[in-house]
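Chemist: need a structure here:
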Amino acid sequence: MKQITRFAIPAENRAVLAEPPLKEWEALARSNVEAVTAWDFSVGGMCIAELRSSAREEAFACARDYSSGAGILTAQDSVGDTLLIVNGHQPGISHPGVWIKDFMLQRVSGNSGFTGLDLVVDTDAAGSVSLDAPCLKPRPHRCSAELVQCSPDVCFGAVPVPTTGELQSFAREVRVLSADVGLPHVEHNVDAFLAALAEVSPHADDLGQALTGARRALERQSGSDYLELGVSRLARGAVFRRFAAHLCLDARAFAECFNDQLARYRAISGTRGKGQPFPELGIEGDATELPLWALVEGRRRAVYSRVEPNGSVALVVDGEDRLVISSNVDATIDLLGGEQVTLVPRGITLTLFTRLAIADLFIHGVGGGRYDQITDGVIDAYFGVAAPAYVVASATLHLPFRDPRQGLDSVAQLERRLDALRHNPDRFLTDPALADTGSGQELAAEKGRLVSAIALPGADRKALGIRIREINTLLQNLVAPLVEETVGALDVARAAEQDADVLFDRSYAYCLWNADEVISLI
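Modeler: Here you go, the predicted structure:
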């Protein structure tokens, strides 16, 4: 890891980030496929070529099943020789910069020979799931209508589908909120989302699948047909369990490699926070923290692998031995498929597994694009191969409000003017808004002579400095009307800036826009 690519969120309205450009993604995917054919290592006792083949077929089969529950059908029976382009995100109500990745996925997978797959990260904590929008009265401010509120460690896949009553209550809140936005097309788009959520919820298995189905319903007009797959289902598959078994049995070596690459990233990127972009894996005596979560009644828990004196390995969750495994990988895979412990990937482990075993090309957002450079280092150092390339995509889309700053001087301009009025008032004596400033001109001339004199050898700098400050005070009194005027303008400009920050926030709910508005950015 020699340098860090610092992907940046697009700053301007309707700006799109695609790195590299979208037209190059197909060639990049094919280049990855060619590079993968030269890989020669094993995971959990299985050569990578066989593991990839099995993982792709298993993921495709699971995705067909999961997608049907979200109202998505496909006539394709097998992944076969098609190229898999993969995207992923939590199933919450995200913003258009996340949604655009789905349309880019569709754009590429619409080409012959490609299949699109979106990973629904339902193993992430749900927390508060809400629809966020700007409210205009009495002043612009951010509003939220909450669908569910969960404990911070409960994952999306463990949250039940909201009841009819909960959906109706949410819909009432959202409609009040969207009406306050004051944009008729926003109300129409939100109504479409609420109708979609009510339509798909009775057929969904959990909150994550319900939210995914609602999003896909809004995409029907664009003809999207890529597949969806909940990560919780991917993790229950035999191939991911083999990958997890490998990590359990080689926990110390992996953790040391991971921590080393994380330290390198922090050093090169100048990251100072010890928990950023995520903490190290803990190593405590014979126990090593795994890059996995153990799900306990739908709640995520850290899990450790502890080597026993007899060579067996205990998986420890909350200080309790949950499962004892041997060095036999196949036996461990079977045990991980039981009810004693369910292991699911953490964020970096999910992209590590996906890029190694499933994807021919992975689409990241800005945050993922930054931290997965650590994954690149882990793949290189731990597996001994160059990491397959990934792409990064995002966008910024603002609602069409009038800019409250229009016609006003900027805050920065007014702050500079106010600073000059206070420290160099003589520069403003010719302003037509001031009354007779004849005495000011004389004071300014005296100040000029004093400033020149103070630089001469032997000058009484103390006395001269005192007189200069006295003159400045007298001049400030003369320009006091301009100071008052500028302070008032600055207050107005700052208020307008705050209003603009609210109105043009890029992180409002994606369903305030329709699919065509987002697709038009590509």
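Chemist: ok, which stretches of the stretch 301-450 of the chain are strands?
Modeler: Counting by DSSP state E, counting those that start in this stretch, the stretch 301-450 of the chain has these strands, from start to end: 313-317, 320-325, 342-345, 361-364, 391-396.
Chemist: next one: the longest helix seen in the chain to chain centre, how far?
Modeler: For the chain, the helix that runs over the most residues, judged by DSSP state H, is helix 480-503. When distances are taken as CA atoms, centre = their mean, to the nearest Å, helix 480-503 is centred 33 Å away from the chain's centroid.
Chemist: Could you double-check that Ala133 lies in contact with Tyr510?
Modeler: No - Ala133 lies out of contact with Tyr510 (CB atoms under 8 Å); the separation is 11.1 Å. Where C-beta positions appear, they are placed from N, C-alpha and C, glycine not excepted.
Chemist: what residues does the longest helix of the chain touch?
Modeler: Under the contact criterion CB atoms under 8 Å, 6 or more residues apart in numbering, helix 480-503 has outside partners 134, 139-142, 398-399, 401, 403-405, 408-411, 414-415, 417-418, 421-422, 428, 431, 433-434, 476.
Chemist: What's the first helix or strand after that helix?
Modeler: helix 515-519 (DSSP states H and E).
Chemist: about what we covered before: and the buried ones among the contacts of helix 480-503, selectable in PyMOL?
Modeler: A single PyMOL command selects the buried members of those (16 or more other CB atoms under 10 Å):
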select buried, resi 134+140+398+399+401+404+405+408+409+411+414+417+418+421+428+476
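Chemist: Sitting in helices, which of the contacts of helix 480-503 do you find?
Modeler: Among these, DSSP H puts 411, 414-415, 417-418, 421-422, 476 in helices.
Chemist: between the residues you listed, which is nearest Leu211?
Modeler: Val411 (38.7 Å; CB to CB).
Chemist: what about the nearest residue to Leu361 once chain neighbours are set aside, how many neighbours?
Modeler: Leaving aside its sequence neighbours, Leu361 sits nearest to Ala29 (CB to CB, 6 or more residues apart in numbering; 3.9 Å). By the criterion of other CB atoms under 10 Å, Ala29 has 24 neighbours.
Chemist: For the worst-scoring helix or strand of the chain on mean pLDDT, list the C-alpha coordinates in CSV.
Modeler: In the chain, the helix or strand scored least confidently by mean pLDDT, DSSP states H and E is helix 438-454, which has a mean of 82. Taking C-alpha atoms only, helix 438-454 is exported to CSV below (Å, rounded to 0.1, in the frame of the first residue of the first chain):
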residue,chain,number,x,y,z
GLY,A,438,-13.5,65.7,6.2
SER,A,439,-12.1,65.1,9.6
GLY,A,440,-11.7,61.5,8.8
GLN,A,441,-9.6,62.3,5.7
GLU,A,442,-7.2,64.4,8.0
LEU,A,443,-7.1,61.5,10.5
ALA,A,444,-6.3,59.0,7.7
ALA,A,445,-3.5,61.2,6.4
GLU,A,446,-2.1,61.5,9.9
LYS,A,447,-2.3,57.7,10.2
GLY,A,448,-0.4,57.3,7.0
ARG,A,449,2.4,59.5,8.2
LEU,A,450,2.6,57.7,11.5
VAL,A,451,2.7,54.3,9.9
SER,A,452,5.7,55.5,7.7
ALA,A,453,7.4,57.0,10.8
ILE,A,454,7.1,53.9,12.9
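Chemist: rewinding a little: could the strands of the stretch 301-450 of the chain go into TSV alongside mean neighbour count and mean pLDDT?
Modeler: Compiled in TSV, the strands of the stretch 301-450 of the chain are given as follows (neighbours: other CB atoms under 10 Å; pLDDT from 0 to 100):
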stretch	mean neighbour count	mean pLDDT
strand 313-317	21	95
strand 320-325	16	92
strand 342-345	24	96
strand 361-364	25	98
strand 391-396	24	98
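Chemist: Quick one: list the elements packing against the one helix or strand Ala195 maps to.
Modeler: Using DSSP H and E, Ala195 maps to helix 184-200. Applying 3 or more CB pairs under 8 Å, 6 or more residues apart in numbering; DSSP states H and E, one finds that helix 184-200 contacts helix 164-181, helix 207-218.
Chemist: for Gly440, what are its contacts?
Modeler: 426, 429, 474-475, 478.
Chemist: measure stretch 339-349 end to end?
Modeler: 22 Å (CA to CA, to the nearest Å).
Chemist: and if you look at stretch 427-445?
Modeler: Note: stretch 427-445 ends 11 Å apart using CA to CA.
Chemist: Now that stretch: buried residues?
Modeler: 428-429, 437, 440, 443-444.
Chemist: Just give me the residue right at the centre of the protein.
Modeler: Gly367 (5.0 Å; CA atoms, centre = their mean).
Chemist: what's around the closest residue to that residue other than its chain neighbours, how many residues?
Modeler: In space, and not counting its chain neighbours, Gly367 is closest to Pro277: 7.8 Å by CB to CB, 6+ apart. Per other CB under 10 Å, the neighbour tally for Pro277 reads 19.
Chemist: Next, the contact list for Pro277, please.
Modeler: Counting by CB under 8 Å, 6+ apart, Pro277 has contacts 265, 271, 367, 370-371, 374.
Chemist: Where does it sit: helix, strand or coil?
Modeler: coil (DSSP: H, G, I helix; E, B strand; the rest coil).
Chemist: What does it show for phi and psi?
Modeler: As for Pro277, its main-chain torsions (degrees, to the nearest 10) stand at phi -70, psi -10.
Chemist: try Arg299
Modeler: Dihedral angles of Arg299 (phi, psi; degrees, to the nearest 10) stand at phi -110, psi 140.
Chemist: Show me the beta-bridge partners of it.
Modeler: Beta-bridge partners of Arg299, counted by DSSP bridges, are Val154, Val296.
Chemist: separation between it and Val154?
Modeler: Here Arg299 is placed at a distance of 6 Å from Val154 (CB to CB, to the nearest Å).
Chemist: And Arg306, by the same measure?
Modeler: 26 Å.
Chemist: What of Leu131?
Modeler: From Leu131 to Val154 the distance is 20 Å (CB to CB).
Chemist: Pick out whichever of these two has more residues nearby.
Modeler: Set Leu131 next to Val154 and count neighbours by other CB under 10 Å: Leu131 wins out with 24 against 19.
Chemist: mind checking the SS state of the more buried one?
Modeler: strand.
Chemist: Show me the shaky parts of the stretch 51-200 of the chain.
Modeler: For the stretch 51-200 of the chain, the stretches flagged by pLDDT under 70 are 75-76.
Chemist: Can you report how many residues neighbour Pro138?
Modeler: Applying other CB under 10 Å, we find 6 residues neighbouring Pro138.
Chemist: How about the contacts made by Pro202?
Modeler: Here Pro202 is in contact with Val161 (CB under 8 Å, 6+ apart).
Chemist: Report pLDDT for it.
Modeler: Note for Pro202: predicted pLDDT of 94.
Chemist: I'd like the distance between the nearest residue to Phe103 once chain neighbours are set aside and Asp372.
Modeler: Take Phe103 and drop its neighbours on the chain: the residue closest to it by CB to CB, 6+ apart is Ile519, 5.2 Å away. Distance, Ile519 to Asp372, by CB to CB: 26 Å.
Chemist: Ala294 now?
Modeler: 24 Å.
Chemist: same deal with Arg272?
Modeler: Counting by CB to CB - Arg272 and Asp372 are separated by 20 Å.
Chemist: Which residue of these two possesses the greater neighbour count?
Modeler: Taking other CB under 10 Å, Arg272 and Asp372 do not tie; Asp372 has more neighbours (23 against 7).
Chemist: can you pull the contacts of that one?
Modeler: 348, 351, 364, 390.
Chemist: what's the domain layout of the chain?
Modeler: For the chain, automatic domain parsing gives the domain ranges 7-120+205-401+505-522, 128-204, 411-503.
Chemist: rewinding a little: greatest separation within the contacts of Gly440: which pair is it?
Modeler: Among those, Leu429 and Leu474 lie farthest apart (CB to CB), at 11.5 Å.
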